[in-house]
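Chemist: Test case, fold it:
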Amino acid sequence: MAISYCDWLPSQMSSSTLTLLFILLGTPCSFIYFFSSPNRNKNGRKLPPGPAPLPIVGNIHMLGNLPHQNLHYLAKKYGPIMSIMLGKVPTIVVSSPEAAELFLKVHDVVFASRPKVQSAKYFAYGGKAMAFTQYGSYWRTVQKWSILHFLSASKVECFAPIRKAEVGLLVESVRKVAAAGETINLSQAVAKVLEGMMSKVLFGRLMDDKIDFKPLVDEAMHLSGVLNLSDYVPFLAPLDLQGYTRRLKKKFLSSDGFVVGYTHEP
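Modeler: Residues are numbered from 1 along each chain as shown. Sure thing, here's the model as predicted:
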């Protein structure tokens, strides 16, 4: 997940206002953070080496605009398995193929659960979607249903005519544009094909042309990928400093209304 340091700063708030806010909140929040932290060595757990965290934000400030590069530089100093704090959330960063195999193959069940984040609360109906739910009996049931109704060999073959028809329409539109000597936005064209496939598979018909579904998906993907302070510093969540909670609620109402409208139509 790509995270930009700039994304966690509220766009409508100036740097001076943000500085003043942190000064006003800094001292009391530091005490709250220190005395309420569940990871203050009370369990005597030994974590991998890593940079010292700051109060409240932990190591978020070290991610920068290119977090993958900054994590790489930190891994050179602290090793292929290091620990950082994202706000109040202890996080293990793995930076080598050998270490990744330990986490994703050898001990995959131990690390199979998903974090609880605001985007899952709204876009996945409280984290009920397979990609966001906690590992367990419910996840296994949802996975079984997904394979049975969408991903089994028979279902993939059943949906083949839909895929063939939509790809055929794309090829024909490209042919016409090329014959006219014009240009085509392939990203938009392919997105339209995928939208058509999804609509026919899920609802049995194409979406209304008046409904522009792509911006809704793009915004949902963006809000699912940004670093939301509410996920990492819970006691700041009611303040909604970045405005992401308001945007999540608004997009949830739009997407939920869209899905409910289509599923209840005759």
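
Chemist: Would you mind confirming that residue 142 is in contact with residue 135?
Modeler: No: in this structure residue 142 lies outside contact range of residue 135 using C-beta atoms under 8 Å: 11.0 Å. Where C-beta positions appear, they are placed from N, C-alpha and C, glycine not excepted.

Chemist: The residue nearest to the spatial centre of the chain and residue 111: what is the separation?
Modeler: Nearest to the geometric centre of the chain sits residue 224, at 3.3 Å (C-alpha atoms, centre = their mean). Look at residue 224 and residue 111: by C-beta to C-beta, to the nearest Å, they are 20 Å apart.

Chemist: So what are the structural domains in the protein, by residue number?
Modeler: Listed by the TED database, the domain ranges of the chain are 48-111, 157-207.

Chemist: how about JSON lines for those domains, with distance to residue 213 and mean pLDDT added?
Modeler: Output for the domains of the chain, formatted as JSON lines (distance: least, C-beta to C-beta, whole Å; pLDDT from 0 to 100):
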{"stretch": "domain 48-111", "distance to residue 213": "30", "mean pLDDT": "93"}
{"stretch": "domain 157-207", "distance to residue 213": "6", "mean pLDDT": "87"}
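
Chemist: Most tightly packed of these?
Modeler: Taking mean count of other C-beta atoms under 10 Å as the contact definition, the stretch among those with the greatest mean neighbour count is domain 48-111, which reaches a mean of 15.

Chemist: any idea where the strands of the stretch 51-200 of the chain begin and end?
Modeler: Under the criterion DSSP state E, counting those that start in this stretch, the stretch 51-200 of the chain contains strands at 81-86, 89-94.

Chemist: Take those and write them to TSV, including distance to residue 53.
Modeler: Putting these into TSV (distance: least, C-beta to C-beta, whole Å) gives the following:
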stretch	distance to residue 53
strand 81-86	4
strand 89-94	9
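
Chemist: Pretty sure residue 213 sits against residue 195.
Modeler: Yes: because the distance of 5.6 Å satisfies C-beta under 8 Å, residue 213 is recorded as touching residue 195.

Chemist: any common contacting residues for those two?
Modeler: Common contacts of residue 213 and residue 195 (C-beta atoms under 8 Å, 6 or more residues apart in numbering): residue 207.

Chemist: follow-up on the earlier one: quick one: closest of the domains of the chain to residue 149.
Modeler: Nearest to residue 149, of all these, is domain 157-207, at 10.0 Å by C-beta to C-beta.

Chemist: got the end-to-end distance for that closest one?
Modeler: Distance between the boundary residues of domain 157-207 (C-alpha to C-alpha, to the nearest Å) amounts to 23 Å.

Chemist: And for residue 153, the neighbour number?
Modeler: For residue 153, the count of nearby residues is 8 (other C-beta atoms under 10 Å).

Chemist: Same check on residue 237?
Modeler: A count of nearby residues for residue 237, using other C-beta under 10 Å, gives 15.

Chemist: got the contact list for it?
Modeler: Residue 237 sits in contact with 118, 229-230, 245, where contact means C-beta under 8 Å, 6+ apart.

Chemist: out of those, which is most surrounded?
Modeler: Counting neighbours by other C-beta under 10 Å, residue 229 leads the contacts of residue 237 with 24 neighbours.

Chemist: And the pLDDT at that residue?
Modeler: Looking at residue 229, its pLDDT reads 89.

Chemist: ok, it to residue 241 distance?
Modeler: Residue 229 is 6 Å from residue 241, where distance means C-beta to C-beta.

Chemist: can you check residue 56 too?
Modeler: For residue 56, the distance to residue 241 (C-beta to C-beta) stands at 12 Å.

Chemist: Repeat that for residue 63.
Modeler: The gap separating residue 63 from residue 241 is 17 Å, by C-beta to C-beta.

Chemist: how about the helices of the chain, start to end?
Modeler: Taking DSSP state H to define them, one finds helices in the chain at 15-36, 67-78, 97-101, 118-123, 137-146, 153-158, 160-179, 186-203, 213-225, 229-232, 244-264.

Chemist: Quick check: which of these is nearest to residue 52?
Modeler: Comparing the helices of the chain under C-beta to C-beta, the one sitting nearest is helix 67-78, at 11.0 Å.
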